[in-house]
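Visitor: Got a predicted model here, sequence first, then my questions.
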Amino acid sequence: MATNPFDEAAARWDDNAHRVRLMGAIGEAILREAAPAPQCSVLDYGCGTGLVGLYLLPHVRDVTGADSSQGMLDVLAGKIAQGRLATMRTLRLNLEHEPPPAARQWDLITVGMAMHHIADVDKVLAAFRAMLRPGGRLCVADLDTEPGTFHGGPMAQSVPHHGFDRREMKDRLTRLGFTDPRDVTVVRFPKPVDGGGEQVFSIFLITATAGTPARES
Ligand SMILES: C[S@@+](CC[C@H](N)C(=O)[O-])C[C@H]1O[C@@H](n2cnc3c(N)ncnc32)[C@H](O)[C@@H]1O
């Protein structure tokens, strides 16, 4: 079976202080733009070690951190155990290859920097649509379109999307049954790239609402 590069990266994921700061900026933007209510049940998809989900946790009822990497989830489970975080849990899930676990149980789904690692974006977004309660919110934070230099090393060859065009992402969401998609810039930052020098990248946050399908009872 092919190894999952995220399993291998998990133990040292949080050593990258810049990454931790970026994820905090995404968490802050989600709180500002989606304003989740205290009774909100959140799914943080592609949660990694839980940097975004743990940021949101004090503000909502509960957070489920979902990821396809068991290594990432193990690190998050360690944090949950250490902090005795009764309202945070983990879920191994890959919506590209398995159906949503249960219909319409979340008020907010967040995705921080995971979408560009997902080949079949439409399939996963449609699953989110099915998992959100009517009126629930989706928050996708990811890279604006980049020239393919954001990931160095072996990851550079395997990443399926070099960021996203915001307008295309919003059109996609509308096509899949979300309403009122809006975007903001979370942060712009320079990053060293392979071959030397630095490039400036930016991260957007798109929020959208899961509408009620016409024929749903
Ligand atoms: C760049 S990391 C972001 C992790 C975390 N959101 C953070 O900000 O630190 C991407 C995450 O997406 C996960 N991932 C990649 N493909 C996935 C898929 N198809 N389903 C669920 N998770 C996936 C990886 O395992 C990894 O933890």
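Guide: Received, thanks.

Visitor: Would you mind listing what in the chain touches the ligand?
Guide: If contact is defined as C-beta under 6 Å from any ligand atom, the residues of the chain in contact with the ligand are 6, 23, 46-48, 51-52, 67-69, 72, 94-96, 112-114, 117-118. C-betas here are computed from N, CA, C, even on glycine.

Visitor: hey, which helix or strand in the chain has the poorest pLDDT?
Guide: Across the helices and strands of the chain, the lowest-confidence element by mean pLDDT, DSSP states H and E is helix 155-158, at a mean of 80.

Visitor: what comes into contact with it?
Guide: Pro5, Gly148, Thr149, Asp194 (C-beta atoms under 8 Å, 6 or more residues apart in numbering).

Visitor: rewinding a little: among the residues of the chain next to the ligand, which lie within helices?
Guide: Residues of the residues of the chain next to the ligand located in helices (DSSP state H): Phe6, Met23, Leu51, Val52, Met72.

Visitor: Now render the residues you listed as TSV, adding neighbour count and pLDDT.
Guide: Listed next are those as TSV, based on neighbours: other C-beta atoms under 10 Å; pLDDT from 0 to 100:
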residue	neighbour count	pLDDT
Phe6	21	94
Met23	24	97
Leu51	24	98
Val52	31	98
Met72	25	98
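
Visitor: count of neighbours near Val187?
Guide: Using other C-beta atoms under 10 Å as the criterion, Val187 is surrounded by 16 other residues.

Visitor: what are the pairing partners of the host helix or strand of it, and which direction each?
Guide: Val187 is part of strand 178-192 when elements are defined by DSSP states H and E. Strand 178-192 has the following strand partners under DSSP bridges: strand 198-210 (antiparallel).

Visitor: burial count for whichever residue of the chain sits closest to the ligand?
Guide: At 2.6 Å from the ligand, Gly48 is the closest residue in the chain, using C-beta to the nearest ligand atom. Per other C-beta under 10 Å, the neighbour tally for Gly48 reads 26.

Visitor: Great, nothing more from me.
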